[in-house]
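Colleague: just a sequence and a predicted model for now, questions to come.
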2 protein chains.
Amino acid sequence: MREDTAWLGTQRLPEVTVHASGVLAQTIRAEVRQTHRLRTDAHVSVCTLARVRETPLWREVEAAVPEHGLGVEGFVVVRRGNDLVVAAEDGHGLLYGYFYLLRYFEWMNGDFTVVERPAVPIRMLDHWDQLSGTVERGYAGESIFFRDGRVVDDLTRVRAYARLLASVGINAVSFAKAELPDVARLAGVFREYGIAVSLVVDFPEEPRDERVARWWSATVARWYEVVPDLGGLVVRDGRDADGANVLARAVAPYGGTVFWRCAGIEHAPDWRDRRSDQARAAYDQFIPLDGRFEENVVLQVKHGPLDFQVREAVSPLLGELQETPFALELQITQEYSGQQRDLCYLGPWWREILQFDTTGDGGATVADRIGAIVAVSNVGDADNWTGHKLAQSNLYAYGRLAWEPAADPVSLVHEWAAATFALDDWTRSELVAIMAGSWRTYERYTAPLGVGFMVTPATHYGPSMTGYEYSGRGHFADRDGVGVDRTVKSGSGFTGQYPEPLASLYEDVYTCPDELLLFFHHVAYGHVLRRGVTVLQHIYDLHFQGYAEVESMVARWQAIADRFDACVQENVTSRFEAQLVNAREWRDQVNTFFYRLSGIPDAHGRTIHR
Amino acid sequence: MREDTAWLGTQRLPEVTVHASGVLAQTIRAEVRQTHRLRTDAHVSVCTLARVRETPLWREVEAAVPEHGLGVEGFVVVRRGNDLVVAAEDGHGLLYGYFYLLRYFEWMNGDFTVVERPAVPIRMLDHWDQLSGTVERGYAGESIFFRDGRVVDDLTRVRAYARLLASVGINAVSFAKAELPDVARLAGVFREYGIAVSLVVDFPEEPRDERVARWWSATVARWYEVVPDLGGLVVRDGRDADGANVLARAVAPYGGTVFWRCAGIEHAPDWRDRRSDQARAAYDQFIPLDGRFEENVVLQVKHGPLDFQVREAVSPLLGELQETPFALELQITQEYSGQQRDLCYLGPWWREILQFDTTGDGGATVADRIGAIVAVSNVGDADNWTGHKLAQSNLYAYGRLAWEPAADPVSLVHEWAAATFALDDWTRSELVAIMAGSWRTYERYTAPLGVGFMVTPATHYGPSMTGYEYSGRGHFADRDGVGVDRTVKSGSGFTGQYPEPLASLYEDVYTCPDELLLFFHHVAYGHVLRRGVTVLQHIYDLHFQGYAEVESMVARWQAIADRFDACVQENVTSRFEAQLVNAREWRDQVNTFFYRLSGIPDAHGRTIHR
């Protein structure tokens, strides 16, 4: 079959000349050769600032460069009539500028001047691919990197992947440490696209033992001999500052970074004790360590205090860490959000998180505070990369939001759809309409009001009403009410981890946002929400609505399906069939569960099975 | 380490001479050589009836033989003074007679005459060991038969196993079909102990296709060339009479039997429809087929209509099949009964099933009606065979009950304990006391009143209150009541599958046995049981009591543990520790689940977590 080029492949550009040298300039030249040529009199120059006077628009370019410069990754694009110039300090900026032009050229009219710099310096993807080829929490086949304990021989697919990542601004990846020569091969491919490679390692046991530190220094030195521009190390389950610092000191001489995930809670909370709370754990463990890390340690903080539920409060760590650089960790792979069987475009959710006001009074958003953004990729060796063809949009949107956290997520789907499919405007609008609200739809037919963990244990797909109830992640539904009391007054005290006025906002059941009501409070089924209905009726309404929305998505898809090639048609149609089944199970099980508990029927007489 | 000889190894016998020839006579001679010699003037003759006049007690033996003879497997044991004779038609009877004497000799005083015949002609063990070495639903390590796709080279362990089985009267086993020469090696070992081997095969697709029938005839012919005394074939998921008959005709020329398991329900019931019921399925599917099978087909019927729950009604198929020979299927491997981590001696449960009156009016017990008895073994390559040392008792009791379904299960534990351990009488009594009630204890702290399927899906260990609720195996607990309505009047109609007076007994909530109340009825929490407490209070009582019983078992064990060798001490003690944890989770989760639903506290003020 033909290779799936995702959002690269339909675009066209005028003639391009490259005034630059180095690895990335070579990459741009190769890109130019494979880009469809637009028949026009326009001409594009891709040029370093040092050589910008070789181009006709050098005055405009120099005038556009901000006082503090463009930085390594920023770029300027100027158009005057038939002349276009993409200018940047060096290869990274030029590469991003080139992909910018590729993305937008055919949409742009008249003269313009654009200056772009990424909002976040490190924009990273983690890969939990195992050397055997299995992808942990992967829903798109096997690894594109590894097979049978080794890196695959043919790196064509990896190169295509690196190109996709660079085109949306990703500049870092991590994966498991294979044999060194194999790591070097992979790093070489990513290097062509300006992407630094980090290696996933186990956390050091006995970090205070001087021999351990020496072992790490010697080991890392060998790695840097082979990959001199290694980005650093990633620890999936970091436990303590000492371990992080051992690694940090080992990579510091080479400019490396240690990404230390704030995970590794050793004891699960006891479901019998409602004061014990998984949500408290990361803050309780890492705030006391703030400032005790070497300066090249980046704490990697999950966006929510639990584990990538479809709705969680934003982690208070993201507002409260003061001394230690930290990364926001998102999850592109749809572990808890439909596993690339259900359509769930996550852009709107990520934007909410990035724009979350950590101070509660306009002080600083998450995007303002982070030094890096990281997410687990959703890619595997499936023909279409992501299992569900439309799930490619999540990879796209992640990269774009990492670069520009204020970007509008619906516009990003438009961009993605335009770049991915050759569609008429109406069809594209329909597709965007189907996708834009799909995260909220998924939220509606699954976990209501931020309750979380009603999902099947282990697989994390499909409903399980009490599968987590007795493991410290329960929702405490009983005949009278539901929800997790995380207040200071009567619950686990988690709300106290936020600064004022957020702490009070969440603490008070009447000011807590509806969508997080059951995340923060245990309320009676008769508690009335701001929209004027009871919690119970709202749960019923959400689930009937969510399922109806999936039916509507499917109907709208069926009306446009024949505009897509057979492969996409078949893929998306069959995934929607599975999603309908899943949404029906969620609707019926959640409604029946709460009906059996409450004994209160639906106010509108819709069917709830006894 | 020393090999675990289970219940063989402590016994002693006087001098024995064997007056017989053939494979089994050789086996008896080998047994004699390895049996500890008791210093006494007594002398034992093991002798075929044809040669009985070579022994001093031939008159007594001939007088003891019943009018219709002993059959192939029956035997006579006569003692007069220092003379003992074991007599039988041929090798099988002699082997069982020899093991009988081995078991009881040291307990017997004075002269006696014993005549024994097995109640059930086929006493079989199924093994779901895969050729890879994995044992499906196995809790005692890997397979003793297979490794890496082949039969193991060293069959020492298999021979020891065959010997254990023969000693309790097992005369048939089944396992997966390996390469033919390997099957022949295994069959050769079992043949030495009078045990016929059957092979597990897939059911034939397209059984009406003449080519399929020819393929099976030709294939089976090759198997019988290699193993002329092959018992037959076992089909794990039999679907239709045609498939069974194809296999039956293929093995008929060689006297083979087809064991066709009454399973293979293709569509799970829909939880939304309370009239659909898994419990109905086997009867509904197989009663219409009764009489349509070749005469060498044996339908293999699970003891209950669901799947080896710790308490179920006895399957109505066991009373209602009229034309087709059938087997009772039990489960020795503790899939749903503690997985050989928790102590659960199943003898009392099996005896209840075997003695169940299928007519309700004294007409015929299950034991009266069956032509065979089959169970899945609990053995693996664990040093002590069964993971939990005390779980050996289940294998022992199964064999003994298969031979003698009226045997007292507590006496069987005494027998087993006496044969297995060198203990003083008090210690043995304590051990028996710990074990004898362990199934009822397990029932008490797990599923109350026959409700079933409150177990964790997939693993089948530990509680999961609603893990099966939405898969058609639910218990329909709501704020008002719990239980599965299987009545004709208002439920699935399953009670109508029993003959009168059983149908009415189960149909009426006031005559239905308490221990099956929630299996047959959905009742309010306030429904009062015969013991005068409500269903809800009874659930609480059972779970507090069940846990207290485990605590008591552990305390009693600790008091006697030092009478056992270090290996047994360590094994049993560590299993009891795990059982305490498990029982606590069951108690607390079940109680909290029902408290949250009902809102009614324990009448005695014991702790139920909110």
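Modeller: Cool, got the structure.

Colleague: got the buried residues for stretch A:432-450?
Modeller: A:432, A:434-450 (16 or more other Cβ atoms under 10 Å in any protein chain shown). In short, each C-beta sits where N, CA and C put it, glycine included.

Colleague: flag every buried residue along stretch A:581-600.
Modeller: Within stretch A:581-600, the residues that qualify as buried are A:582-598, A:600, counting by 16+ other Cβ under 10 Å.

Colleague: in helices, which of the buried residues of stretch A:432-450 appear?
Modeller: A:432, A:434-436, A:438-445 (DSSP state H).

Colleague: name the nearest residue to the closest residue to chain B within the stretch 151-300 of chain A, sequence neighbours excluded.
Modeller: Nearest residue of the stretch 151-300 of chain A to chain B (Cβ to the nearest Cβ) works out as A:Arg272 at 4.4 Å. Computed as Cβ to Cβ, 6 or more residues apart in numbering or on different chains, the closest residue to A:Arg272 that is not its neighbour in sequence is B:His609, at 4.4 Å.

Colleague: quick one: secondary structure of the one you found?
Modeller: Here B:His609 takes the coil state, with states given by DSSP: H, G, I helix; E, B strand; the rest coil.

Colleague: pull the contacting residues for it.
Modeller: Residues near B:His609 by Cβ atoms under 8 Å, 6 or more residues apart in numbering or on different chains: A:271-272, B:588, B:591-592.

Colleague: let's see that with 10 Å instead.
Modeller: A:270-274, A:470, B:588-589, B:591-592, B:595-596 (Cβ atoms under 10 Å, 6 or more residues apart in numbering or on different chains).

Colleague: out of the residues you listed, who's nearest B:Pro121?
Modeller: B:Gln589 (44.6 Å; Cβ to Cβ).

Colleague: and that closest one, how far from chain A?
Modeller: Distance, B:Gln589 to chain A, by Cβ to the nearest Cβ, to the nearest Å: 5 Å.

Colleague: what packs against the host helix or strand of that residue?
Modeller: For B:Gln589, the host element (DSSP states H and E) is helix B:566-598. For helix B:566-598, the helices and strands in contact under the criterion 3 or more Cβ pairs under 10 Å, 6 or more residues apart in numbering or on different chains; DSSP states H and E are helix A:566-598, helix B:425-436, helix B:438-445, strand B:481-482, helix B:535-560.

Colleague: in CSV: the contacts of B:His609, plus pLDDT.
Modeller: Converted to CSV, the contacts of B:His609 look like this (pLDDT from 0 to 100):
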residue, pLDDT
A:Asp270, 89
A:Trp271, 92
A:Arg272, 93
A:Asp273, 92
A:Arg274, 89
A:Tyr470, 93
B:Asp588, 98
B:Gln589, 97
B:Asn591, 98
B:Thr592, 97
B:Tyr595, 98
B:Arg596, 97
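
Colleague: out of the residues you listed, who's nearest B:Ala140?
Modeller: Using Cβ to Cβ, B:Gln589 is the member of those that sits closest to B:Ala140, with 26.9 Å.

Colleague: quick one, what contacts the closest one?
Modeller: Contacts of B:Gln589 by Cβ under 10 Å, 6+ apart are A:271-272, A:466, A:469-470, B:454, B:462-465, B:543, B:609.

Colleague: likewise A:Arg53?
Modeller: A:19, A:47, A:59, A:61-62.

Colleague: out of these, who's near chain B?
Modeller: Near chain B, judged by Cβ under 10 Å from any Cβ of the partner chain, there are no entries from the contacts of A:Arg53.

Colleague: looking at those, spot the one nearest chain B.
Modeller: Using Cβ to the nearest Cβ, A:Cys47 comes nearest to chain B of the contacts of A:Arg53, at 60.9 Å.

Colleague: so what's the closest one up against?
Modeller: By Cβ under 10 Å, 6+ apart, the neighbours of A:Cys47 are A:17-20, A:25, A:53-55, A:57-58, A:61, A:76, A:85-88, A:94, A:97.

Colleague: next: A:Met465.
Modeller: Counted by Cβ under 10 Å, 6+ apart, A:Met465 has contacts A:454-456, A:475, A:477, A:589-590, A:592-594, A:596-597, B:465-467, B:469-470.

Colleague: if we ignore the residues flanking it in sequence, what's nearest the residue of the stretch 301-450 of chain A found nearest chain B?
Modeller: Across the stretch 301-450 of chain A, no residue is closer to chain B than A:Thr446, which sits at 14.3 Å (Cβ to the nearest Cβ). Excluding the flanking residues, the one nearest A:Thr446 by Cβ to Cβ, 6+ apart is A:Trp586, at 5.3 Å.

Colleague: before we move on, what about A:Phe544?
Modeller: Using Cβ to Cβ, 6+ apart, the closest residue to A:Phe544 is A:Arg606 (5.7 Å).

Colleague: which residues of chain A lie near chain B?
Modeller: A:270-274, A:456-459, A:462-467, A:469-470, A:474, A:476-480, A:482, A:584-585, A:588-589, A:592-593, A:595-600, A:607-610.

Colleague: pretty sure A:Glu295 contacts A:Gly255?
Modeller: No. Checked against Cβ atoms under 10 Å, the pair A:Glu295 and A:Gly255 is beyond contact range at 11.8 Å.

Colleague: where does chain A dip in pLDDT?
Modeller: Scanning chain A for pLDDT under 70 picks out A:1-2, A:264-267.

Colleague: how does it divide into domains?
Modeller: When chain A is parsed with automatic domain parsing, its domains come out as A:12-116, A:122-420, A:444-484+A:522-598.

Colleague: ok now the first one, how far from the chain's centre?
Modeller: In this case it means domain A:12-116. 28 Å (Cα atoms, centre = their mean, to the nearest Å).

Colleague: what's the local residue count around A:Gly526?
Modeller: Neighbour count for A:Gly526, taken as other Cβ atoms under 10 Å in any protein chain shown: 13.

Colleague: which strand or helix spans it?
Modeller: Going by DSSP H and E, A:Gly526 is not in any helix or strand.

Colleague: just give the nearest non-adjacent residue to it, would you?
Modeller: Per Cβ to Cβ, 6+ apart, closest to A:Gly526 is A:Thr534, 5.1 Å.
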